[in-house]
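K.L.:
What follows is a protein structure lacking sequence information:
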Ligand SMILES: [Zn+2]
């Protein structure tokens, strides 16, 4: 699972959420243990009472345990009551192996933590607690709120009892449900082995739609929204229908019988089998239905349908990012798809070598660097693989992988086998280079020569890279007197010389201008973005208005943007080599730019709004200009601006973004002399 606040195309974070279910590794998930529990929760008193049985398969000894805060009140093993002498006996107990299945009957209780709706998404990830309130209850399996069997996944059946006005669910098939003045009661079944039970409840109403997929399979779709979100339910159900139908056709049969979108009072985003649990404020964001929701639905195939082998690297986030987030951009057109690839490479290129790691080492998103590799680099590798073997073989490989690995734990090697089968090629070198090795190439055109051949022109181009080198197919765009053409060169080793032929006199060669290759960008290749001044500890600050209130607001805004408070410098100081934030009125910024002989890029922005933010290249690093007429306008940027690290320019109207964009990339171009 997991993640941190993430900035994305929509300006806000969120995006790739997480898969919560972690399954023990092994080839197949078979012969599971089984839970059969009745859970009664009072969200106001924050009490939980659990009762039921745990069936252990024959021949397996096991340790059962409960989190602190919960205690067993009675335990029976195969019908015999166990003594509960010490406090420790009530939280951990050992069951020896037997030739028959063993049944542990247990009754346990506990007090749940108070659910804190003010927490941030990153808090909800780092500090998972079983928490409850009238506004919402979330009991993640990982908190061990029910007795868990050490290192043994289990299937389950859960009956959930809640007071009137509350509804709840766990992943799985809804077997039965009643809701009346005596309260809510629902029974669920999860037939596959899974590492514990995630439970959610709240003051929900459910909207429902039942769809029929190919082969007469019916799937129950639901929203569990609070009354305040009721208007959004039909739209969310429409979107889920679209995603489920599309992925069902494209990959193979949806593996479950339900899918629910569940609102959370905290700003979380989790994906679990058969459902996604998303913060109410996030659900209100207009772009979630078109982005994160599809990502979460797709996790029912990748992550919660085929389980990643964490020991050899979690491929599921990269594949889901590629087939959801990236695919949605691609459907909008080549320009947004290219912009997403460029953003991946730009973030990767800003990553210090110490933060890099092979994809084989990625397990889950715990910090920005792990996302840059585990989600984005992995998605880029899938993009290169599709370029390499072709779309038809790629799609066939995915279908093969799905039908062979459904409900199994699968590795990158299993993916490789499926794509090899579909493409009939040896992909071992490709996977070894991109999955097992860290890093990416830094490519550069060292030299190019041209000569007429009589019929056209011959171009000899030398591409170099530092060691350790990568073998990669590099697209080149050759601009000639008659137009442009793309050609690819297979590069490997320190230097590769290739000979190309073109129709007309060549003028310039651009290296991978559409960013199709996983590589470190050259300095200046990526456009400057706000994040450049946010993440650098050496960022400096110039405030161009002497008014004390303006100065104070500017300083606070700069502190809110940058990870560390920027170092103030004077307006007359030279432009530093470090990143810089310049804050002032439009007129003062224009004068400062003229004084320091920088290009007046800001003048090209849409002339609207009451605040404008834009990035330029300074002497050696990016400069962020923040134009605001007065103190109140500066203060209006405090909340929103820090979320837009991925942008090169923004126009604000009273604190709201009305336009924004990223400057175009500047590809590496080798120009011939005239
Ligand atoms: Zn994800």
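P.N.:
Perfect, thanks for sending it. For clarity, every value in this text was computed on a predicted model and none was experimentally measured.
K.L.:
use CA for all of it now, contacts and neighbours both
P.N.:
Will do.
K.L.:
Quick one: mean pLDDT for stretch 433-449?
P.N.:
For stretch 433-449, mean pLDDT rounds to 96.
K.L.:
mind starting the numbering at 10 from now?
P.N.:
All set: I'll call the first residue 10, so the last point we hit is now stretch 442-458.
K.L.:
Quick one: end-to-end length of it, please.
P.N.:
Its start and end residues considered, stretch 442-458 measures 31 Å (Cα to Cα, to the nearest Å).
K.L.:
One more: stretch 568-576?
P.N.:
End-to-end for stretch 568-576, by Cα to Cα: 10 Å.
K.L.:
Same question for stretch 57-76.
P.N.:
With Cα to Cα, one end of stretch 57-76 sits 13 Å from the other.
K.L.:
Kindly report the same for stretch 167-187.
P.N.:
14 Å.
K.L.:
same deal with stretch 574-594?
P.N.:
Start-to-end, stretch 574-594 (Cα to Cα) is 21 Å.
K.L.:
same question, stretch 68-83
P.N.:
So stretch 68-83: terminal residues 24 Å apart, Cα to Cα.
K.L.:
ok, now stretch 411-431?
P.N.:
For stretch 411-431, the end-to-end distance is 13 Å (Cα to Cα).
K.L.:
buried stuff in it?
P.N.:
Neighbour-count burial for stretch 411-431, with 16 or more other Cα atoms under 10 Å as criterion, is recorded at 411, 414-421, 424-431.
K.L.:
next one: stretch 631-646
P.N.:
In stretch 631-646, counting by 16+ other Cα under 10 Å, buried: 631-640, 642-646.
K.L.:
Equivalent analysis for stretch 99-110, please.
P.N.:
99, 100, 101, 102, 104.
K.L.:
Which one of those residues is nearest to residue 299?
P.N.:
When the buried residues of stretch 99-110 are ranked by distance to residue 299 (Cα to Cα), residue 100 comes first, at 44.2 Å.
K.L.:
tell me the contacts of the closest residue in space to the closest one that isn't next to it in sequence?
P.N.:
Closest residue in space to residue 100, ignoring its immediate chain neighbours: residue 75 at 4.9 Å, by Cα to Cα, 6 or more residues apart in numbering. Residue 75 is in contact with 100, 101, 153, 154, 155, 156, 157, counting by Cα atoms under 8 Å, 6 or more residues apart in numbering.
K.L.:
Need the max-distance pair from those residues.
P.N.:
The farthest-apart pair in those, when distances are taken by Cα to Cα, is 101 and 154, at 12.7 Å.
K.L.:
for the residue of the stretch 310-459 of the chain at minimum distance from the ion, phi and psi?
P.N.:
As assessed by Cα to the ion, the ion sits closest to residue 326 within the stretch 310-459 of the chain, at 4.8 Å. Main-chain torsions, residue 326, degrees, to the nearest 10: phi -70, psi -40.
K.L.:
That one contacts residue 383, doesn't it?
P.N.:
Yes - using Cα atoms under 8 Å, residue 326 is in contact with residue 383, at 6.8 Å.
K.L.:
From the buried residues of stretch 99-110, which land in strands?
P.N.:
Secondary structure of the buried residues of stretch 99-110 is defined by DSSP state E; positions in strands are 101, 102, 104.
K.L.:
Quick check: the gap between the second one and the ion.
P.N.:
Translated: residue 102. Applying Cα to the ion, to the nearest Å, the value for residue 102 to the ion is 35 Å.
K.L.:
now that residue, which residues is it bridged with?
P.N.:
Per DSSP bridges, the residues bridged to residue 102 are residue 73.
K.L.:
Relative to residue 81, how far out is it?
P.N.:
10 Å.
K.L.:
Now the residue nearest to residue 100. Its backbone dihedrals?
P.N.:
phi -130, psi 150.
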